[in-house]
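> Okay, structure incoming, though there's no sequence with it:
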């Protein structure tokens, strides 16, 4: 009976230490560091309309196994969104690309194009100039 008692107390002694080791790893909150290039972008969580702050930002979130949408916005740049699973401390790097201002620029370009179109027209006849009979080499994949 004494041996069984020792075995039971040994098992009881192991369980609490096992739980104690697991507890510090999983805190209720995790930190997601959001970094953007360029810095200073607003960080939005889910469908929130109010930004959580500007990058670089250390965002404290409730630990979860479900992905949350994180959006980074900056004036003059396209918004970048990413799915974040806040199951551990992590770092999110996002590179913002400038909004293409092609529409206003395109309205100004057609005026210049008639002048440019005159120069490609003489260049167009030059393309078929290679003479295969004289031994000119033509790249069949060049367009």
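Cool, got the structure. Everything quoted here is computed from the prediction, not taken from an experiment. Numbering: from 1, shown residues only.
> Which is the succeeding secondary structure element to the longest strand that the chain contains?
In the chain, ranked by residue count with DSSP state E as the criterion, the top strand is strand 29-37. Per DSSP states H and E, the first helix or strand lying C-terminal to strand 29-37 is strand 42-45.
> Distance check, residue 68 against residue 31.
Distance of residue 68 to residue 31, computed by CB to CB, to the nearest Å: 14 Å. Using the backbone N, CA and C atoms, a C-beta is placed for each residue, glycine as well.
> anything in contact with each of the two?
residue 61 (CB atoms under 8 Å, 6 or more residues apart in numbering).
> follow-up on the earlier one: who touches the longest strand of the chain?
So strand 29-37 is contacted by 43, 55-63, 70, 72, 74, 80, 84, 86-96 (CB under 8 Å, 6+ apart).
> and stretch 55-66, which residues are buried?
55, 57, 59, 61 (16 or more other CB atoms under 10 Å).
> Which strands border the stretch of helix or strand the last one belongs to, and is each parallel or antiparallel?
Pointing back at residue 61 there. Using DSSP H and E, the element containing residue 61 is strand 57-62. Strand pairing for strand 57-62, using DSSP bridges, gives strand 29-37 (antiparallel).
> List the buried residues of the partner strand.
30, 32, 34, 35, 36.
> nearest to residue 141, of the buried residues of stretch 55-66?
Closest to residue 141 out of the buried residues of stretch 55-66 is residue 55 (44.3 Å), distances taken as CB to CB.
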